[in-house]
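Undergrad: Kindly return the folded structure for what I paste below:
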Amino acid sequence: MNNVHYDLCVVGGGSGGFGAACAAARLGASVLLVEAGPGLGGTSTRAGVNNYEPVAGATGLPQEIFDRLKDIPDAVTLQRPWATYHPDRPWGWTKPADETDYRLSLSRRSGVPIVFEPDILDRVMQDMLTDADCRIVLKTRFTKVNYDREHIHSIVIEDPNGSKIVEANLFIDATADIYLARAAGCRTAIGVEAREVYNEPTAPEQPELVLNNASLCYRVTPFKDDEPSQIQPLLDLIDIERIRPVTSIRTYPNGDLNMNPLHMMSGVEAYELGKSAYEEAEKRIYAHWHMLQTHYEFDRWRLVWISPMLGVRESYRLIGQYVLREQDLETGLEAQTHPDIIAFADHALDFHGVRPSRQLTNGPYGIPFRCLLTKEIDNLLVACRGASFSSIAASSCRLSRTMMVLGQAAGTAAALFGKNVQHYDARALRDRLKQNGVALALSEGYLEVMPGLTPLQTPRW
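TA: Here you go, the predicted structure:
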């Protein structure tokens, strides 16, 4: 095995990993990004969640990506809500808007989603990293970590040609399931904590293995006028009565539809099935599409693609130097006193039916940098949905663009402080993030208080 050394090694090329690698490389750090899949983007590309949900605070690198996509024909579109959920119509549907102002997406309640072509997003991400002199290795897995009590010395990665040892001053775990942090002995949690753990008002009295639903997204395209309709046949051993048709529908720039079946598989079921979860979810997708074609007037559409990766919303989470919790979400950014807030968000507490969901009452909330720092390892940060959040907080904080901003903060800190990242200067970190476009004040990243902007109206059809 050949040894290679970098200032920073990022494991995982999803939204958080991209943000971390790009930010650090642009600030002059030597960076290696290791990704197990064939491309970048993670859930946003390979899991078929080919849209960015509206959310406050999604500035910095997410906004730059949108601006780059906007210059490519049929790559991206803001979406205007077209139809809301109804008992007789179990889907919400958005269609392309004429508006192109990115800021209209910066609010959960009054914003609009963004839909993109996943292959183009992957290409843009890779171009941005290449321009920043970040080295990317795809189809390469992290397999082993070499560490002592407090420090990671190296990791072992494996590609089709064999194994290599990677040494780095710092490591960032952006693997969603936080494989690196878990392998290094960091404390983690899974499921909903008991109320006594963080005194969260809506937490249960006892801990529960309840996880947010998983989705397997797919894509449909309209039949041509001279093409006969084709109804998806039902597979054997699938109980159509168990298929819940509730679907989030987004419209691609070319007119195809992205179908996100929200109640297809529980998070616990996906966790317990493990590697076989995808196969089971795929069977249900065919039944789901059959139901939409035969019951909800989608007979003039055909299925053309199923995402190659199951979209998992929740699994393992770090128990880090600070755990974001329900109280933070309800306090709101302007009343929080954390000196190290490096991002904010405003998504609802959303469990997709496995637990009660609700909107936030006090606007966006801030996320402290300490949520990215482990207690055990001095040169490891976590920048993904597995960062240090309670289960309740994670139900809100998990959106892709929020994770990208957290990654940007982690990569910025890595470049600024290097081996001394545990002794970070919060003011210096926040100042650099603001210089690089990250909104840390509501007036710079929250649609409802940004001057001169009128939110798009949501129809009630």
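Undergrad: Please count neighbours and contacts with C-alpha atoms only from this point.
TA: Will do.
Undergrad: what about the stretch 51-200 of the chain, any weak spots by pLDDT?
TA: For the stretch 51-200 of the chain, no stretch has pLDDT under 70.
Undergrad: could you pull out the helices for it?
TA: 61-70, 118-131, 179-183, 195-198 (DSSP state H, counting those that start in this stretch).
Undergrad: same deal with the stretch 251-400 of the chain?
TA: Using DSSP H, counting those that start in this stretch, the helices of the stretch 251-400 of the chain run over 267-273, 277-295, 326-331, 391-397, 400-417.
Undergrad: show me the contacts for the closest residue to Asp122 other than its chain neighbours.
TA: Leaving aside its sequence neighbours, Asp122 sits nearest to Leu40 (Cα to Cα, 6 or more residues apart in numbering; 5.2 Å). Leu40 sits next to 13-14, 18, 122, 125-126 when contact means Cα atoms under 8 Å, 6 or more residues apart in numbering.
Undergrad: let's see it at 6 Å
TA: 13-14, 122 (Cα atoms under 6 Å, 6 or more residues apart in numbering).
Undergrad: Mind giving me the PyMOL command for buried ones among these?
TA: One line in PyMOL is enough to select the buried ones among those; burial here means 16 or more other Cα atoms under 10 Å:
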select buried, resi 13+14+122
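Undergrad: and which of the contacts of Leu40 is nearest Lys95?
TA: Asp122 (22.5 Å; Cα to Cα).
Undergrad: where's the closest one relative to Asp378, distance?
TA: Going from Asp122 to Asp378 by Cα to Cα, to the nearest Å gives 32 Å.
Undergrad: OK, contacts around the nearest residue to Asp173 once chain neighbours are set aside?
TA: Distance criterion Cα to Cα, 6+ apart; nearest residue to Asp173, sequence neighbours excluded, is Val382 at 4.7 Å. By Cα under 6 Å, 6+ apart, the contact set of Val382 is 172-173, 372.
Undergrad: picking that back up, format the contacts of Leu40 as TSV; extra columns: distance to Ala413.
TA: Formatted as TSV, the contacts of Leu40 follow (distance: Cα to Cα, whole Å):
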residue	distance to Ala413
Gly13	18
Gly14	19
Asp122	25
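Undergrad: With respect to Asp159, which of the contacts of Leu40 is nearest?
TA: Proximity of the contacts of Leu40 to Asp159 (Cα to Cα) peaks at Gly13, which lies at 15.1 Å.
Undergrad: In strands, which of the contacts of Val382 fall?
TA: 172-173 (DSSP state E).
Undergrad: And the residue nearest the centre of this structure?
TA: Against the mean C-alpha coordinate of the chain, by Cα atoms, centre = their mean, the closest residue is Ser400 at 2.8 Å.
Undergrad: how far away is the closest residue to that residue other than its chain neighbours from Leu121?
TA: Spatially, and ignoring its direct neighbours in sequence, Ser400 is nearest to Ser15 (5.8 Å; Cα to Cα, 6+ apart). Taking Cα to Cα as the measure, Ser15 falls 11 Å from Leu121.
Undergrad: what's around Asp101, how many residues?
TA: 10 (other Cα atoms under 10 Å).
Undergrad: Apologies, that question was intended for Lys375.
TA: For Lys375, the neighbour count with other Cα under 10 Å is 18.
Undergrad: Could you say which helix or strand holds Ser229?
TA: For Ser229, there is no host helix or strand (DSSP states H and E).
Undergrad: Could you tell me the model confidence score at it?
TA: We note a pLDDT of 94 for Ser229 in this prediction.
Undergrad: returning to that earlier point: select, out of the helices of the stretch 251-400 of the chain, the one closest to Pro73.
TA: When the helices of the stretch 251-400 of the chain are compared by Cα to Cα, helix 400-417 sits nearest Pro73, at 22.1 Å.
Undergrad: Which strands or helices does that closest one pack on?
TA: Here helix 400-417 touches helix 15-26, going by 3 or more Cα pairs under 6 Å, 6 or more residues apart in numbering; DSSP states H and E.
Undergrad: buried residues in the helix it packs on?
TA: Across helix 15-26, burial judged by 16+ other Cα under 10 Å covers 15-26.
Undergrad: so what are the domain limits for the protein?
TA: 3-76+115-192+315-449, 214-312 (automatic domain parsing).
Undergrad: Comparing the ones you listed, which comes out most buried?
TA: Counting by mean count of other Cα atoms under 10 Å, domain 3-76+115-192+315-449 has the highest mean neighbour count of the domains of the chain, with a mean of 22.
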